[in-house]
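>>> Build me a model:
(one chain, ligands or ions: 1)
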Amino acid sequence: KGLFTYDPGFVSTAATESAITYIDGAAGVLLHRGYPIDQLAEKSDYLETCYLLLHGELPDAEQKETFVSTIKNHTMVHEQLSHFFNGFRRDAHPMAVMCGVVGALSAFYHDSLDIHDEHSRMVSAHRLIAKMPTLAAMVYKYSIGQPFMYPRNDLSYAENFLHMMFNTPCEEKKVSPVLAKAMDRIFLLHADHEQNASTSTVRLAGSTGANPFACIASGIAALWGPAHGGANEAVLNMLNEIGDESNIDKFVAKAKDKEDPFRLMGFGHRVYKNFDPRAKVMKQTCDEVLAELGMEDDPLLKIAMKLEKIATEDEYFIKRGLYPNVDFYSGIILKAIGIPTEMFTVIFATGRTPGWIAHWNEMISGNYRIGRPRQLYTGYAKRDYPG
Ligand code: CMC
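Take a look at the predicted model:
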């Protein structure tokens, strides 16, 4: 059918070599630089995992301290950038605002835009990892009409994020360690996932020589869709729509009906066909958070747990290898922490930033060509303009 291999959805085409993340979908394995995700979730933390993704090795104590303090150095955004928010409606979707303000970082950091200089690339990486939570919290504060909170460098990465989200200049509460740990885990479990749609988008944009802030903005746009990062938000919307345990069977039947486009959100994965190893850790964190908050009897959660049981025992889902994925549980945790549904994908984007930037850096520091997929043309053959 032509000169090119036809592989819609890139199901069997490797677009790159990469030494960052390994996935064995059938065995439910996810390794970052060789380290299993469950071990990182248990023994490491988000910033250490960021270092690992970027540099290829775990940091020693001194390297870790330097990295953490470098990230803290970059947490503030330029005061001028805070004016960008006023251009958005207060009810704008947070991901719409994130696409804009992260892309706008390109206009502020001219000193790190030389993509062929390794030091510049690392400075951009640090800036992005450090500023994403600040921008994410600003998006939220703007949406509810509260003043922006400046980052606090005496707090950990996750504590600082929750501080900027939920504290106000009138009242600064101490962040619960259980919730901070859960937040750190959510970031960590989303940190990288090899050549998913948003990472491939970052690589494709980066292959043109575009600057890293613009590339990450393109990744944010790709992540937004409900088949990718938007799934955690879609899970909560779906649970709300189900509304009552008595409606679950009806929704499961809809998901199985081939005439109906409805899918169970938070179920299935392109690569994991047995289980999602991130979901296992996330489920455990979910139990911890709900116990801490005394929310085991939350009605939405009850629907989620019953849905999980029914779907995982159903022939349709078993046959197709459809299991709850990471977003099924992360959505429930985020809701319990008090994060509004529209912010869920922003949190995914924040967590995924080191993965995007590590892939971008890996590509730019190696041999690469501009990404330029071909097509199988199905339109008209040449024809003459009438008259
Ligand atoms: N509910 C009902 N049926 C489903 C679902 C679902 N959630 N997911 C897949 N199927 C069916 C699909 O209809 C098809 O059936 P059949 O073989 O009879 O035609 C079969 O399972 C295979 O589906 P597919 O669309 O070919 O699978 P894919 O690998 O292209 O899609 C997916 C993967 C994640 C997009 C899909 O499972 C989905 O839409 N899930 C819901 C959205 C979701 O939770 N996404 C988050 C993914 S994890 C976070 C991330 O990494 O971004």
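>>> what's the distance between T341 and H93?
Plainly put, T341 is 11 Å away from H93 if you go by CB to CB, to the nearest Å. C-betas here are computed from N, CA, C, even on glycine.
>>> dump the residue contacts of the residue lying closest to F88 once chain neighbours are set aside.
Spatial nearest neighbour of F88, chain neighbours left out: V97 (5.2 Å); criterion: CB to CB, 6 or more residues apart in numbering. Going by CB atoms under 8 Å, 6 or more residues apart in numbering, V97 touches F85, F88, V139, Y142.
>>> among the residues you listed, who's most crowded?
Using other CB atoms under 10 Å as the neighbour criterion, V139 leads the contacts of V97 with 25 neighbours.
>>> shouldn't that one be in contact with C99?
No - counting by CB atoms under 8 Å, V139 stays clear of C99, with 10.6 Å between them.
>>> Roughly how far does the residue of the chain found nearest the ligand sit from E313?
Using CB to the nearest ligand atom, the single residue of the chain nearest to the ligand is G268, 2.4 Å away. Per CB to CB, G268 is found 16 Å from E313.
>>> Tell me which of these two has more neighbours.
G268 (21 against 9).
>>> which parts of the stretch 101-250 of the chain sit against the ligand?
H193, N196, A227, H228, G229, A231 (CB under 6 Å from any ligand atom).
>>> one more time with 5 Å, if that's ok
Selection of the stretch 101-250 of the chain residues close to the ligand by CB under 5 Å from any ligand atom yields A227, H228, A231.
>>> quick one, helices of the stretch 51-200 of the chain?
61-73, 79-82, 94-104, 118-144, 157-166, 177-189, 197-206 (DSSP state H, counting those that start in this stretch).
>>> Mind putting the ones you listed into TSV with mean pLDDT and distance to C215?
Below are the helices of the stretch 51-200 of the chain laid out as TSV (pLDDT from 0 to 100; distance: least, CB to CB, whole Å):
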stretch	mean pLDDT	distance to C215
helix 61-73	98	19
helix 79-82	96	18
helix 94-104	97	9
helix 118-144	98	10
helix 157-166	98	22
helix 177-189	96	20
helix 197-206	98	4
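>>> R369: which of the ones you listed is closest?
helix 197-206 (11.3 Å; CB to CB).
>>> Between the two ends of stretch 358-377, what distance do you get?
35 Å (CA to CA, to the nearest Å).
>>> try stretch 267-274
Rule used - CA to CA; the end-to-end distance of stretch 267-274 is 11 Å.
>>> now swap in stretch 84-95 and tell me
14 Å.
>>> Can you give me the buried ones in that stretch?
F84, F85, F88, A92, H93, P94, M95 (16 or more other CB atoms under 10 Å).
>>> Just the closest of those residues to S18, please.
M95 (26.0 Å).
>>> ok, the closest residue to that closest one other than its chain neighbours - contacts?
The shortest distance from M95 to any non-neighbouring residue, by CB to CB, 6+ apart, is to W224 (4.5 Å). Going by CB under 8 Å, 6+ apart, W224 touches M95, C99, G230, T345.
>>> With G145 instead?
So G145 contacts R90 (CB under 8 Å, 6+ apart).
>>> what number of residues lie near R263?
That count, for R263 with other CB under 10 Å as the rule, works out to 17.
>>> Quick check, pLDDT for the residue nearest to it when sequence neighbours are not counted.
Nearest non-adjacent residue to R263, counting by CB to CB, 6+ apart: A255, 5.6 Å away. On the pLDDT scale, A255 is placed at 95.
>>> Now for A255, which secondary structure element holds it?
helix 248-256 (DSSP states H and E).
>>> so after that helix, what's the next helix or strand?
Criterion used, DSSP H and E; the element after helix 248-256 is helix 277-292.
>>> Any part of that next one near the ligand?
No - for helix 277-292, no contact with the ligand is found by CB under 5 Å from any ligand atom; the gap never falls below 8.6 Å.
>>> Give me the contacts around that helix.
Here helix 277-292 makes contact (CB under 8 Å, 6+ apart) with 28-30, 36-38, 41-42, 176, 178-179, 181-182, 185-186, 189-190, 295-296, 298, 301, 323-326, 328-330, 332-333, 336-337.
>>> Let me see the mean pLDDT of that helix.
Rounded mean pLDDT across helix 277-292 is 90.
>>> List the buried residues in that helix.
Result for helix 277-292 [16+ other CB under 10 Å]: buried residues P277, R278, A279, K280, V281, M282, K283, T285, C286, V289, L290, E292.
>>> next one: stretch 363-378
M363, I364, G371.
>>> show me what contacts the first one?
By that I understand M363. Per CB under 8 Å, 6+ apart, neighbours of M363: T16, R203, G206, S207.
>>> Report the residue ranges of every domain in the protein.
Under automatic domain parsing, the residue ranges defining each domain of the chain are 9-226+343-365, 231-337.
>>> Quick check: closest non-adjacent residue to F267.
In space, F267 is closest to L322, 4.8 Å off (CB to CB, 6+ apart).
>>> And the pLDDT for that neighbour?
pLDDT, L322: 92.
>>> just the one 10 residues further on next, same as before
For I332, the pLDDT comes out at 88.
>>> hmm, back to that, buried by neighbour count, from the contacts of W224: which ones?
M95, C99, G230, T345.
>>> Looking at the residues you listed, point me to the pair that's furthest apart.
Taking CB to CB, no two of the buried ones among the contacts of W224 sit farther apart than C99 and G230, at 12.9 Å.
>>> Just send the domains of the chain back as a markdown table, with distance to Y385 too.
As requested, those are exported to a markdown table (distance: least, CB to CB, whole Å):
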| stretch | distance to Y385 |
| --- | --- |
| domain 9-226+343-365 | 33 |
| domain 231-337 | 40 |
